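Visitor: take a look and give me a structure for this.
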Amino acid sequence: MFFEYDLKRHRKDLTSDFSSEEITAIMDSAIGDLKNRNIAGVFIVPLAYIVGGFATDYAVEQSLLYAFLGFILLNTLAVRVLSIIALSKKVITKKHIWLPVFFWSNIIVGIVWATFTSTAILFYHNTLSITLIITLLAGISSGSMASYCIWKVLSYAYLLIILGVPTIAEFYIGNHITIPIGVAFTFFLVFNLVQTKILNKHYWQSLINTFKMEKNSLEMEALNIKLSDEIAGHKQTSQNIVISQKKLQDIYNSAHDGIFIFGLDGKAIAINDTMLKMFNVGRQKALKFDVNVSFQSTRNRNVDLKSIWKGAVNGNDQEFTWLTTSIDTDKISTVQVNLKKSLWGENSVIIATVRDISQQVAAMEATTAANKEKTEFLANMSHELRTPMHGILGYARLGLKRSNTVPRDKLEEYFQLISDSGKRLMELLNNVLDFSKLEVGKMRYEFQKNNLLPMIQEVTTELAPIAAEKGLYFDVHHTLEDAVAYCDVGKIMQVLRNLLFNAIKFSHENNQIKITCKEDNGNSGKQQLLVSVHNFGIQIPEDELSTIFEKFTQSTATNTGAGGTGLGLAISKQILNAHGGTIWAENAPDGLTVFRFLLPCEK
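Guide: The predicted structure is shown next:
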């Protein structure tokens with residue numbers, strides 16, 4: 001492509017200075033400049049055509065020719081605009097297509113303009129208005145010289161067309177006015193061609209030098225970065241020892257085990273932070289520790305520390321357990337001690353690692369307790385599931401055997417018992433499913449302002465027949481016209497059912513179950529509702545009042561008597577936690593057991 005020739009012509013040995021990527025970047029930059037310089041021409045040329053046509057009566061007297069040339073001009077300018085848009089893209093692709101389109105669209109524009117100006121000279125050379133055409137021609141030719149100088153072939157061709165054809169027209173007329181103008185046009189054409197050559201050379205040399213400067217700048221920057229990296233590397237090398245020591249110190253202090261460093265004489269040299277926290281002692285006091293003073297211990301009579309220390313000094317690793325107490329408490333802890341001879345810098349030392357295994361014992365006890373709770377839960381669950389299942393199967397078998405002989409009312413009783421057992425079984429399964437949803441955070445809530453009084457009335461009405469079987473009745477007390485709380489209706493009714501079921505299950509017969517609802521702002525300062533359920537029955541041991549709300553947990557006073565899975569209270573607690581409320585249990589002095597929960601009134 002002859003456009004690339006402009007670049008190569010000014011850089012003989014281009015490949016030795018620039019890579020193919022850099023050459024592409026230079027080409028794209030030149031194309032961008034060429035496009036930017038020609039945007040104004042898209043508007044100036046048609047404007048000049050309109051002004052020139054109407055200033056000389058060309059548009060009226062030569063209307064067909066004027067319209068024909070205008071049609072060609074507008075269509076060619078449209079193609080030129082498309083090529084400018086294509087060459088405006090960030091990454092210029094298909095240059096081999098759009099550059100020729102750009103070239104020939106400009107040439108055709110030049111031909112149209114030359115045709116217009118030369119015919120205008122022929123038709124109106126005796127009128128004064130032709131000077132406007134000549135002025136426009138001079139302006140467009142000068143503008144094209146500056147616009148097209150990047151592409152010398154395009155600039156030469158355009159200048160020769162728009163100035164050469166009118167010059168020929170001037171000489172063709174050949175009178176005493178047109179010949180001097182033709183001579184002037186000729187000199188003007190030569191001047192523009194020379195200027196184009198000079199501007200073309202300066203542009204490409206400037207562009208190439210700019211890229212070379214940028215390339216050199218990048219190379220210098222890369223060199224500076226390399227030198228900076230080397231300097232930083234030297235600095236880093238000088239700091240490595242300090243950093244390594246700091247890392248070792250951090251590891252030493254953050255170790256989970258306590259670490260004592262002793263000299264071979266038994267005196268403490270260093271101690272890590274874990275050991276200080278383990279025994280709640282200051283560093284200065286700990287560094288006064290001397291193994292020789294501790295060879296005898298009333299709590300560790302079975303440990304021959306003197307022989308153990310001697311073995312460690314001789315290079316034999318030692319391990320033993322030791323009973324000890326921290327400085328500010330009498331709590332006895334069991335620690336496991338390991339002694340190992342090692343180097344500390346250039347000196348031999350004894351490194352003592354101390355691990356508080358009493359925590360491991362506590363963890364094992366907690367695990368055992370959790371397993372016990374799960375075992376009890378499974379036992380209770382099996383019992384609770386088996387009871388309604390036996391009812392369903394037993395009455396189903398009885399109904400099948402007597403279906404032909406038993407009266408209809410008796411069959412209805414069997415079906416009712418089967419239905420009641422099925423409901424009980426479904427309730428147990430729903431409790432387990434609800435608790436599993438709460439555990440994984442998949443329980444959905446629909447919070448809005450609701451009145452608790454209708455909820456309490458609905459639940460007590462629902463459970464009244466079950467309570468009546470034990471001679472129990474509900475007594476609801478409240479002083480509020482509306483007890484409005486921000487809650488999920490279904491979930492709070494589930495909490496009420498759980499608490500009332502517990503009250504029915506563990507109440508002594510022929511008593512009342514009292515439910516109260518009142519406002520209680522407490523210490524929080526926020527408006528809350530306090531709902532309480534009182535019943536006379538099996539009381540909960542004081543040390544279990546908080547643990548009964550944990551999963552798989554039942555009070556020891558009820559887990560073998562009244563039965564149950566131990567999930568109802570755990571579900572209630574998690575529901576109230578999601579509401580921003582709380583739930584707890586109390587034992588009143590008069591034999592009452594009271595379950596209370598607080599529920600926020602506002603969001």
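Visitor: which parts of the stretch 401-550 of the chain are helices?
Guide: Applying DSSP state H, counting those that start in this stretch to the stretch 401-550 of the chain gives helices spanning 408-440, 452-468, 489-506.
Visitor: what's the offset of the shortest one from the middle of its chain?
Guide: The offset between the C-alpha centroid of helix 452-468 and the centroid of the whole chain comes to 47 Å, using C-alpha atoms, centre = their mean, to the nearest Å.
Visitor: which other helices and strands contact it?
Guide: strand 473-478, strand 484-487, helix 489-506, strand 512-519, strand 528-536 (3 or more C-beta pairs under 8 Å, 6 or more residues apart in numbering; DSSP states H and E). Every residue, glycine included, has its C-beta placed from N, CA and C.
Visitor: out of the ones you listed, which gets nearest to residue 229?
Guide: strand 484-487 (61.3 Å; C-beta to C-beta).
Visitor: distance check, residue 487 against residue 580.
Guide: 10 Å (C-beta to C-beta, to the nearest Å).
Visitor: save the helices and strands packed on helix 452-468 as TSV, and put in mean neighbour count and mean pLDDT too.
Guide: What follows is the helices and strands packed on helix 452-468, written out as TSV (neighbours: other C-beta atoms under 10 Å; pLDDT from 0 to 100):
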stretch	mean neighbour count	mean pLDDT
strand 473-478	14	92
strand 484-487	21	91
helix 489-506	21	89
strand 512-519	18	93
strand 528-536	22	92
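Visitor: how far does stretch 220-233 sit from its chain's centre?
Guide: 36 Å.
Visitor: so which bits of the one helix or strand residue 67 maps to are buried?
Guide: Using DSSP states H and E, residue 67 sits within helix 63-87. If you call a residue buried by 16 or more other C-beta atoms under 10 Å, then helix 63-87 has these buried ones: 66, 69-70, 73, 76-77, 79-80, 83-84, 86-87.
Visitor: same thing with stretch 316-327?
Guide: Quick answer for stretch 316-327 (16+ other C-beta under 10 Å): 318, 322, 324.
Visitor: the host helix or strand of the last one - contacts with which helices or strands?
Guide: By that I understand residue 324. Taking DSSP H and E as the definition, residue 324 sits inside strand 318-325. With contacts taken as 3+ C-beta pairs under 8 Å, 6+ apart, strand 318-325 sits against helix 305-313, strand 332-344.
Visitor: now the last one - C-alpha only, CSV.
Guide: Extracted in CSV, the C-alpha atoms of strand 332-344 (Å, rounded to 0.1, in the frame of the first residue of the first chain):
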residue,chain,number,x,y,z
ILE,A,332,-4.9,-26.9,89.6
SER,A,333,-4.0,-27.6,86.0
THR,A,334,-2.5,-30.7,84.4
VAL,A,335,0.2,-29.8,81.9
GLN,A,336,2.3,-32.1,79.7
VAL,A,337,6.0,-31.1,79.5
ASN,A,338,8.5,-32.0,76.8
LEU,A,339,12.2,-31.3,77.3
LYS,A,340,14.6,-31.3,74.4
LYS,A,341,18.3,-30.2,74.1
SER,A,342,19.0,-27.9,71.2
LEU,A,343,21.1,-24.9,70.0
TRP,A,344,20.0,-21.3,70.8
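Visitor: pairing partners for that strand, with directions?
Guide: strand 318-325 (antiparallel), strand 347-356 (antiparallel) (DSSP bridges).
Visitor: and of those, who's closest to residue 52?
Guide: The nearest among those, by C-beta to C-beta, is strand 347-356 at 100.3 Å.
Visitor: relative to helix 305-313, how tilted is that closest one?
Guide: 130 degrees (axes from the mean of the first three to the mean of the last three C-alpha atoms, to 10 degrees).
Visitor: quick check: longest helix of the chain.
Guide: Criterion DSSP state H: the longest helix present in the chain is helix 178-254.
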